[in-house]
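Enquirer: Give me the fold of what follows.
(chains A and B)
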Number of protein chains: 2
Amino acid sequence: MKHITDISELKTIINQYKSVGKSIGFVPTMGFLHEGHLTLADKASKENDIAVMSIFVNPAQFGPGEDFEAYPRDLERDTKLAENAGIDLLFTPSADSMYNCDPNVAVQVKRRTDVLCGRSREGHFDGVATVLTKFFNLIKPERAYFGLKDAQQVAVVDGLISDFFMDIELVGVDTVREEDGLAKSSRNVYLTEKERNEAPRLYKALQQGAELIRAGERNPEAVIKAAADIIGTTSGAIDYVELYSYPELTKQDKLEGKVILAAAVKFSKARLIDNIIIDIHEMERI
Amino acid sequence: MKHITDISELKTIINQYKSVGKSIGFVPTMGFLHEGHLTLADKASKENDIAVMSIFVNPAQFGPGEDFEAYPRDLERDTKLAENAGIDLLFTPSADSMYNCDPNVAVQVKRRTDVLCGRSREGHFDGVATVLTKFFNLIKPERAYFGLKDAQQVAVVDGLISDFFMDIELVGVDTVREEDGLAKSSRNVYLTEKERNEAPRLYKALQQGAELIRAGERNPEAVIKAAADIIGTTSGAIDYVELYSYPELTKQDKLEGKVILAAAVKFSKARLIDNIIIDIHEMERI
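Expert: Numbers count the residues shown, from 1 in each chain, chains lettered A, B, ... in the order given. The predicted structure follows:
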């Protein structure tokens, strides 16, 4: 695995790959890799000639209350994990090289941000879209890999790619789960034993909502209530249970097309999120 | 010359060019072509395997007071002119195909806009940068050609390309002038005979300013005053005479590096702009 920090060096290597027709799969990360990232890396490696991973804790996507400095970093461990997961090129630029001290331009995300987790993270997705635009232009991937655990991020990236006519296939990869259904997350270790036992109910609640839709329910409030009732049996506090069209993330009066049922729950020391995406057209065709 | 309006058809052709290693030169325009555009087209054609011109009156770069509907259009004439100037592919998409009715993202220009003409055109350069990002991603040019008559636009595009790491060479092309020095413009026909006789003093004033700098003057106010004094001898009203670093467009206390001296003058029925870019380092080396 090549490890590059310098932008000019990256450009040279990417242009070499391109000139001989190699396809590139790109996995953007902020490092501190877990199984979710490695699943993306593995998929990128299998579906492309070259798999590129970036590790970059992006200052622009941290809000004032969010601690950029305290974000966990472990490059040595990440390097080994990335290599084992099939990454060919690891790119870890400095913040100074990615951003002018006085930025001339930024991407502004106008939709899909004022719901779910985005509601309380103003400017977060502008930072995500801006840094991804930079990475996409530098790395020129055929495919970019994102975990569907953060389905709102995938929706925003879909808007970015389609509005700006970027020639990139967005690959949303299913959430990796524990055997009992709990979505894997580095935050799960902060759960007490009792909370850990209750936490799988979050996914069970989403599955129950999906089951109702499969059975013919088209009223979003009924689905939300059924899911919320199950989550309500845990000791966690519901932050939100919401149901939208996907990837547009707009409210529907009557469910149709592709929809997302998503929830966030606050336990004593960890806030867990999860979601399920249901394609009603697909379901009706079967 | 190929003439394409459909985006998928454009993508197919561009990918064909790219797959056989053709270099692409791109000239974005809003049509109603004049000699300035044709100079860009000619240069793009000479310096690249394929010269692509877009004609697109971009709604997003017109402000509320500016009449998008009334902007002059003559596609039949433009088509002939483009072909004669060496354009290989003319792209004239519809506004509907370039923009979602509900845009997800836009480029926000944060610098270089609150001076010169940009000061009175809020949002204009956001619209320019957004549509260019789309065109650049669709057309994938090695080089993009812009007239230095609109030097502020060139500065903004420079910021866009460099901040977002777009792999495009920005080619700023010198202003085409009448024999007496007046910058060519479709607006010159609106000048009265008296005004037309006075109008060359605009460029003379800028040349005089440049001459002062060449002679050692480093105080921007002195240079501005000298230029303004000459423009003041015309019957036009000075809109601005300004002097900045280029392409950053920031004020300097003491002139150094590359600078731009620019002016706008309102005659009875036409507002003329012109500028001159002076490289002081270059000058000092000679």
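
Enquirer: tell me which element residue A:272 is part of?
Expert: Here residue A:272 sits within strand A:271-279, counting by DSSP states H and E.

Enquirer: Quick check: bridge partners of residue A:170?
Expert: residue A:144 (DSSP bridges).

Enquirer: give me the element residue A:106 is part of.
Expert: If you go by DSSP H and E, residue A:106 is part of strand A:105-109.

Enquirer: Partner strands of that strand and their direction?
Expert: When DSSP bridges is applied, strand A:105-109 pairs with strand B:105-109 (antiparallel).

Enquirer: contacting residues for the nearest residue to residue A:234 once chain neighbours are set aside?
Expert: Once flanking residues are discounted, residue A:234 sits nearest to residue A:198: 4.0 Å by CB to CB, 6 or more residues apart in numbering or on different chains. Bear in mind the C-beta positions are built from the backbone N, C-alpha and C, glycine included. Counting by CB atoms under 8 Å, 6 or more residues apart in numbering or on different chains, residue A:198 touches A:233-236.

Enquirer: circling back to that earlier point, from the chain's centre, how far out does the strand holding residue A:272 sit?
Expert: Remark: strand A:271-279 is offset 11 Å from the chain centroid, using CA atoms, centre = their mean, to the nearest Å.

Enquirer: List the neighbouring strands of that strand plus their orientation.
Expert: By DSSP bridges, strand A:271-279 pairs with strand A:258-266 (antiparallel).

Enquirer: the helices in the stretch 101-250 of chain A, which residues?
Expert: Along the stretch 101-250 of chain A, the stretches classed as helices by DSSP state H, counting those that start in this stretch are A:124-139, A:151-163, A:193-198, A:200-214, A:220-231.

Enquirer: Name the helix or strand for residue A:78, please.
Expert: Per DSSP H and E: residue A:78 is located in helix A:75-84.

Enquirer: Need the CA coordinates for that helix. CSV is fine.
Expert: Provided in CSV are the C-alpha atoms of helix A:75-84 (Å, rounded to 0.1, in the frame of the first residue of the first chain):
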residue,chain,number,x,y,z
LEU,A,75,-3.0,6.7,12.2
GLU,A,76,-0.6,3.8,12.9
ARG,A,77,-3.5,1.4,13.6
ASP,A,78,-5.5,2.7,10.7
THR,A,79,-2.7,2.2,8.2
LYS,A,80,-2.5,-1.5,9.0
LEU,A,81,-6.2,-1.9,8.9
ALA,A,82,-6.5,-0.1,5.6
GLU,A,83,-3.7,-2.2,4.0
ASN,A,84,-5.3,-5.5,5.3
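
Enquirer: The residue in the stretch 1-150 of chain A that chain B sits nearest to: how many residues sit nearby?
Expert: Residue nearest to chain B within the stretch 1-150 of chain A: residue A:104 (2.9 Å; CB to the nearest CB). Counted with other CB atoms under 10 Å in any protein chain shown, the neighbours of residue A:104 add up to 24.

Enquirer: Quick check: closest non-adjacent residue to it.
Expert: Looking at residue A:104 with CB to CB, 6+ apart, the closest residue is residue B:159, at 2.9 Å.

Enquirer: quick one: pLDDT of the one you found?
Expert: pLDDT recorded at residue B:159 is 98.

Enquirer: what sits against it?
Expert: Contacts of residue B:159 by CB under 8 Å, 6+ apart are A:104-105, B:109, B:111-112, B:247.

Enquirer: again with residue A:224
Expert: Neighbour list for residue A:224: A:209, A:241-243, A:261 [criterion: CB under 8 Å, 6+ apart].

Enquirer: out of the residues you listed, who's nearest chain B?
Expert: Nearest to chain B, judged by CB to the nearest CB, of the contacts of residue A:224 is residue A:242 at 18.9 Å.

Enquirer: Let me know how buried that closest one is, in neighbour terms.
Expert: Counted by other CB under 10 Å, the residues lying close to residue A:242 total 19.

Enquirer: Please list all residues in contact with it.
Expert: Residues near residue A:242 by CB under 8 Å, 6+ apart: A:115-116, A:224, A:261-263.

Enquirer: Weed out the non-buried ones from the contacts of residue A:198.
Expert: A:234, A:236 (16 or more other CB atoms under 10 Å in any protein chain shown).

Enquirer: Including distance to residue B:42 and pLDDT, could the contacts of residue A:198 go into JSON lines?
Expert: Output for the contacts of residue A:198, formatted as JSON lines (distance: CB to CB, whole Å; pLDDT from 0 to 100):
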{"residue": "A:233", "distance to residue B:42": "74", "pLDDT": "97"}
{"residue": "A:234", "distance to residue B:42": "70", "pLDDT": "97"}
{"residue": "A:235", "distance to residue B:42": "73", "pLDDT": "97"}
{"residue": "A:236", "distance to residue B:42": "68", "pLDDT": "97"}
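
Enquirer: ok, the contacts of residue A:198 vs residue A:99, which is closest?
Expert: Comparing the contacts of residue A:198 against residue A:99 with CB to CB places residue A:236 closest, at 37.1 Å.

Enquirer: I'd say that closest one and residue A:269 touch.
Expert: No - applying CB atoms under 8 Å, one finds residue A:236 not in contact with residue A:269, separated by 11.0 Å.

Enquirer: can you confirm residue A:43 is in a strand?
Expert: No - Residue A:43 is assigned helix when assessed by DSSP: H, G, I helix; E, B strand; the rest coil, not a strand.

Enquirer: what about it, distance to residue A:176?
Expert: According to CB to CB, to the nearest Å, residue A:43 stands 11 Å off from residue A:176.

Enquirer: Now do the helix or strand where residue A:37 lies, average pLDDT.
Expert: If you go by DSSP H and E, residue A:37 is part of helix A:35-47. The pLDDT scores in helix A:35-47 average 97.

Enquirer: Not counting it itself, show me its contacts.
Expert: With contact meaning CB under 8 Å, 6+ apart, helix A:35-47 is reached by A:25-27, A:29, A:51-53, A:81-82, A:84-88, A:143, A:145-147, A:149, A:171, A:173, A:175-176, A:184-185.

Enquirer: swap the cut-off to 7 Å and go again
Expert: Outside helix A:35-47, the residues within contact range by CB atoms under 7 Å, 6 or more residues apart in numbering or on different chains are A:25-27, A:29, A:51, A:53, A:81-82, A:85-87, A:143, A:145, A:147, A:149, A:171, A:173, A:176, A:184.

Enquirer: Which elements pack onto the helix or strand following that helix?
Expert: Later in the chain than helix A:35-47, the nearest helix or strand by DSSP H and E is strand A:50-55. Counting contacts by 3 or more CB pairs under 7 Å, 6 or more residues apart in numbering or on different chains; DSSP states H and E, strand A:50-55 is packed against strand A:24-29, helix A:35-47, helix A:75-84, strand A:89-91.

Enquirer: okay, now the spatially closest residue to residue A:147 that is not a sequence neighbour: neighbour count?
Expert: Leaving aside its sequence neighbours, residue A:147 sits nearest to residue A:36 (CB to CB, 6+ apart; 4.9 Å). For residue A:36, the neighbour count with other CB under 10 Å is 21.

Enquirer: what does residue A:50 give?
Expert: 22.

Enquirer: ok, it - contacts?
Expert: A:17, A:22, A:24, A:88-89.

Enquirer: re earlier: same question for the helix holding residue A:78, mean pLDDT?
Expert: 98.

Enquirer: and the angle from that helix to strand A:50-55?
Expert: Going by axes from the mean of the first three to the mean of the last three CA atoms, to 10 degrees, helix A:75-84 is angled at 160 degrees with respect to strand A:50-55.

Enquirer: what separates helix A:75-84 from the chain centre, distance-wise?
Expert: Distance of helix A:75-84 from its chain centroid, counting by CA atoms, centre = their mean, is 20 Å.

Enquirer: Residues contacting it, please?
Expert: Under CB under 7 Å, 6+ apart, the answer for helix A:75-84 is A:1, A:3, A:31-33, A:38, A:41, A:53, A:55, A:90, A:92.
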